[in-house]
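Make a model of this:
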Amino acid sequence: PELPFILFTGKGSEKVASEAISTGATDYLQKASGTDQYTILANRITNAVEQYRTNQSAVELERIHALASKVKQTLVRADSRQILETRICEIITESDPYRFAWIGEVDPETDEIRPRSSAGTDDGYLEAVTVTAGQASTGQGPGGRAVQQRCVAVAQNVQEDPEFDPWREHALERGFQAVAAIPLEYDETLYGVLGVYADRPYAFDETETDLLAELGDDIAHGIHSLEIQKQRRKEQQTTRELQQQSQKIIRANTVEDAAQTAVEIAKETLGLPVSGVHLVTDDVLEPIAVTDEVVEHLGKEPRYDRNN
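Got it, this is the predicted structure:
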């Protein structure tokens, strides 16, 4: 049995004791006369329960360490944010008592936390619910609180938590009994929120929430590193394109051709749609090449007179 079981019986023999232990009994005690037997029984029960709790704690601690180890390995190996986030959700849902996990990002215009990656038993949950980070009722659950307070937020009992009312029906239909949300923040930048759903109430004790907080920090750092790498690759690519395209300016036959090429490079490669090249003529800056966006914005090709 999963729970401690002590056989307290009037029959006493080594055979009975052996059979009881072999079939799963935690301990065996033969009834006797007097009241001392009840003191002994109480001590046996206390010891059995304490041993059971110790064993359970050891199992939980081992599970937590295994989960943390897998997450750290993923952080080292992932070469894109999408792969990292998806694999993190998969790893979490492979560990009991978690049934479902997702990572969302806050939409700054609507405050809605929009899913980016997920894994586990979903059954359309994310399509059925709305989670926000604002002051509405949809922002008062674990996800919204995690964003607002920048710490792990928990609904320990979905069935009874009044703040979980907007999502209760959909959660219980899928066996979600407790929920934790972890902000993915690094250096004051919030990269998203990790939601973790468990199949039993009160699944997130202090040890569990401390682990999730630590994992949140590690995941956020991993996302930050991948974003930096992505930005660096983009900058390197831009530099290569500029080096290649600068040859077009060098090979241009006229000043006008060189100027037109320069504005096209500024628009297409550097992402500067409002660009132009002017030449100094006496005290006037005359436009020789401008993008269409300049004309749309100003209504004409700009000309600048030093005296005006």
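
In contact with the spatially most central residue of the chain, which residues?
In the chain, the C-alpha nearest the mean C-alpha coordinate belongs to L194, at 2.9 Å (Cα atoms, centre = their mean). L194 sits next to 88, 101-103, 181-182, 184, 212, 215-216, 219 when contact means Cβ atoms under 8 Å, 6 or more residues apart in numbering. To be clear about C-beta, it is placed using only N, CA and C from the backbone, and glycine gets the same treatment.

and the gap between it and A181?
Distance of L194 to A181, given as Cβ to Cβ, to the nearest Å: 7 Å.

ok, now H170?
For H170, the distance to A181 equals 16 Å [Cβ to Cβ].

Next, please give the residue ranges for the helices of the chain.
Ranges of helices in the chain, per DSSP state H, are 14-22, 36-77, 81-93, 125-128, 142-149, 168-173, 206-251, 255-268, 292-298.

who does the third one touch, helix- and strand-wise?
In other words, helix 81-93. In terms of contacts (3 or more Cβ pairs under 8 Å, 6 or more residues apart in numbering; DSSP states H and E), helix 81-93 is packed against helix 36-77, strand 98-106, strand 113-120, strand 189-198, helix 206-251.

Just want the angle from the last one to helix 142-149.
By that I understand helix 206-251. On the basis of axes from the mean of the first three to the mean of the last three Cα atoms, to 10 degrees, helix 206-251 is oriented at 70 degrees to helix 142-149.

What does the pLDDT read for F164?
We note a pLDDT of 96 for F164 in this prediction.

who's the closest residue to it other than its chain neighbours bridged to?
Leaving aside its sequence neighbours, F164 sits nearest to A155 (Cβ to Cβ, 6 or more residues apart in numbering; 4.6 Å). With DSSP bridges as the criterion, A155 is bridged to V179.

so who does A155 touch?
A155 neighbours (Cβ under 8 Å, 6+ apart): 141-142, 161, 163-164, 178-180.

one more time with 7 Å
Counting by Cβ atoms under 7 Å, 6 or more residues apart in numbering, A155 makes contact with 141-142, 161, 163-164, 178-179.

and if you look at V295?
V295 makes contact with E301 under the criterion Cβ under 7 Å, 6+ apart.

ok, it to V263 distance?
12 Å.

OK, contacts around the closest residue to A78 other than its chain neighbours?
Leaving aside its sequence neighbours, A78 sits nearest to L84 (Cβ to Cβ, 6+ apart; 3.7 Å). By Cβ under 7 Å, 6+ apart, the contact set of L84 is 74-75, 78, 222-223, 226.

for I223, same thing?
Per Cβ under 7 Å, 6+ apart, neighbours of I223: 81, 84, 184, 191.

H170 and A181: which has the busier surroundings?
A181 (26 against 16; other Cβ atoms under 10 Å).

Model confidence for the more buried one, exactly?
At A181, pLDDT is 97.

Where does the prediction get shaky in the protein?
Confidence mapping of the chain against pLDDT under 70 gives the ranges 1-38, 40-41, 44, 48-49, 51-59, 61, 306-308.

switch to 90 and redo it
For the chain, the stretches with pLDDT under 90 are 1-79, 95-97, 121-122, 134-135, 205-208, 211, 229-231, 233-261, 263-308.

thinking again about what came up before, please identify the one among the contacts of I223 that lies nearest to K230.
Using Cβ to Cβ, R81 comes nearest to K230 of the contacts of I223, at 7.6 Å.

Can you report how many residues neighbour the closest one?
21.

ok, now E296?
E296 has 10 neighbouring residues, counting by other Cβ under 10 Å.

Quick check: it vs A213, distance?
In terms of Cβ to Cβ, E296 sits 50 Å off from A213.

what's the answer for E227, then?
Noted for E227: a distance of 21 Å to A213, by Cβ to Cβ.

quick one on the thing from earlier: ok, so of the contacts of I223, who is nearest R240?
If you rank the contacts of I223 by distance to R240 using Cβ to Cβ, R81 comes first, at 23.0 Å.

Spit out the contact partners of the closest one.
223, 226-227.

for D199, same thing?
Counted by Cβ under 7 Å, 6+ apart, D199 has contacts 97, 99, 175, 177.

Let's see that with 8 Å instead.
Neighbours of D199 in contact, by Cβ under 8 Å, 6+ apart: 96-99, 175-177.

Please list only the buried members of the residues you listed.
97-99, 176-177 (16 or more other Cβ atoms under 10 Å).

what about S225, how many neighbours?
That count, for S225 with other Cβ under 10 Å as the rule, works out to 15.
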